[in-house]
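Colleague: what would the 3D arrangement of this be:
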Amino acid sequence: MTTGHDLQPPGGPRLVALDIDGTLVDWHEEMTPAVVKAVHAARDAGAHVVLSTGRSTFGITRVSDALGLESGHCVASNGAVTFSYPPVTITSAVTFGPEPAVRAVLEHVPDALVAVEVIGRGYRMNRAFPDGEINGETWIESRGGGGGGAGGGGGRRAPAPAARAG
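Modeller: Got it, this is the predicted structure:
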C-alpha cells in the first residue's frame, strides 16, 4: 500500500498548492496562527507555495500579503487565470463571451444578481452586490448590454458604486 509519505520527493514537497476559502481563511477572512505557521514551514522548507482558488486576483493578493508571501504564482478564477506577483502579472487567461449565459440566467431568474469578471480590473454587474461579496472595481451595466465578452464594454453604464478594493 502506498501512503502519501511514499510519494514525497527527497527533501520534501517542491510545490504546495492551497485553496483559500475554508482552508486558509474562514468566512470572516480570518487566518489562524497555525495556518500561517504551516505555510511558512512549507515555504522555509523550499516549497513553492501557490494559492489556487475560485477568487479573482483581487481576492487573492490580500491573502498572500497576510501570509507574508513576497512573490510567487497563483491560480485564480477557478483555474481560468494564472498570475505572478509582485506586481500582479497575468501569465495566462481563458475567457469566453458571457452574454448567452447571462441572458439565460436573467431570463429564468430575473431578480438574480449577476457579475462577470473583467480580468485584472474588477466586475461588471447588473446590480450592486452585498458588501464584501465582490472584490475589486465594480460597475453596473444594463441588461440590454452585451457585446464585449469577458473584458469588453457594451450596454449603458449606470453610475458606478464606489470601487471596492480587495
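Colleague: all the strands of the protein, residue numbers only.
Modeller: Ranges of strands in the chain, per DSSP state E, are 15-18, 48-52, 72-76, 81-85, 89-93, 115-118, 122-125, 137-140.
Colleague: can you tell me what sits against the fifth one?
Modeller: Meaning strand 89-93. With contact meaning CB atoms under 8 Å, 6 or more residues apart in numbering, strand 89-93 is reached by 57, 73, 80-84, 119-120. For the C-beta atoms, the positions are set from N, CA and C on the backbone; glycine is no exception.
Colleague: go with 6 Å
Modeller: 81-84, 119-120 (CB atoms under 6 Å, 6 or more residues apart in numbering).
Colleague: from those, which two are the most distant?
Modeller: Ser84 and Ile119 (14.2 Å; CB to CB).
Colleague: so for the two, which sits in the more crowded spot?
Modeller: Set side by side, Ser84 and Ile119 show more neighbours around Ile119, with 17 against 13, by other CB atoms under 10 Å.
Colleague: mind checking pLDDT for the more buried one?
Modeller: For Ile119, the model assigns a pLDDT of 90.
Colleague: same check, this time on Thr53
Modeller: 94.
Colleague: also Trp139?
Modeller: In this model, Trp139 carries a pLDDT of 94.
Colleague: got it, and Pro9?
Modeller: 60.
Colleague: let's have the contacts of strand 89-93 in a markdown table, adding distance to Val105.
Modeller: A markdown table is the format used below for the contacts of strand 89-93 (distance: CB to CB, whole Å):
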| residue | distance to Val105 |
| --- | --- |
| Val81 | 22 |
| Thr82 | 27 |
| Phe83 | 27 |
| Ser84 | 33 |
| Ile119 | 20 |
| Gly120 | 24 |
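Colleague: ok, so of those, who is nearest Ser142?
Modeller: Distances from Ser142 to these, taken by CB to CB, are shortest for Ile119, at 21.8 Å.
Colleague: need the contact list for that closest one.
Modeller: 81, 93.
Colleague: what about the helices in the chain?
Modeller: 4-7, 33-44, 57-67, 99-108 (DSSP state H).
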